[in-house]
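1. any chance you could fold what I've pasted below:
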Amino acid sequence: MTPKIRVLFVCVANAARSQFAEALLRHSGGERFEAFSAGTAPGEVDARALAELRHLGIDAYGLRSKSIDEFAGERFDYVITLCDKSALECQALPGAGEVLAWHFEDPVTSERPDAFRHCVQEIHERIKMFMLVKTRH
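-> Sure thing, here's the model as predicted:
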């Protein structure tokens, strides 16, 4: 059996974007991928992010805001940053196989009324493409 591809998603607060990415990859690629998320300055998971995941029928059980320090010493095949600030802070992350920098607007600070729905849809599209590319044989 092939070992699962380990992916760590990182944003600053680990409140919405990286939580979306972790839950979406776990939901869509659980048999091929192991998904984790963390923040460079973690806070709390935004209730609107959890509500959006539930609305989509995606299990949000166990999601919590975590510091990137919790994963010190662990090895990841991919570390994917979800905002420019975390991309700068994660350049020298030990244990990262490949670092990918994606950028999504932070729905927590957005003025848009549908910011959370828009953000989760954008991240979902990117994750579907990532899974397609990374699971080709």
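2. just how off-centre is the longest helix seen in the chain within its chain?
-> As assigned by DSSP state H, the longest helix anywhere in the chain is helix 115-134. Offset of helix 115-134 from its chain centre (Cα atoms, centre = their mean, to the nearest Å): 10 Å.
3. repeat for stretch 9-24
-> 4 Å.
4. next one: stretch 62-77
-> Between the centre of stretch 62-77 and the centre of its chain there are 11 Å (Cα atoms, centre = their mean).
5. what does it contact?
-> By Cβ atoms under 8 Å, 6 or more residues apart in numbering, the residues outside stretch 62-77 that reach it are 5-8, 10, 13-15, 19, 22-23, 36-40, 42-45, 50, 53, 90, 93-98. The C-beta positions use only the backbone N, C-alpha and C, and glycine is treated the same way.
6. make it 7 Å
-> 5-8, 10, 13-15, 19, 22-23, 36-40, 42-45, 50, 95-97 (Cβ atoms under 7 Å, 6 or more residues apart in numbering).
7. ok, stretch 22-34 next?
-> Contact with stretch 22-34 is made by 4-7, 9, 35-37, 53, 58-60, 63, 123-124, 127-128, 131, 135, as judged by Cβ under 7 Å, 6+ apart.
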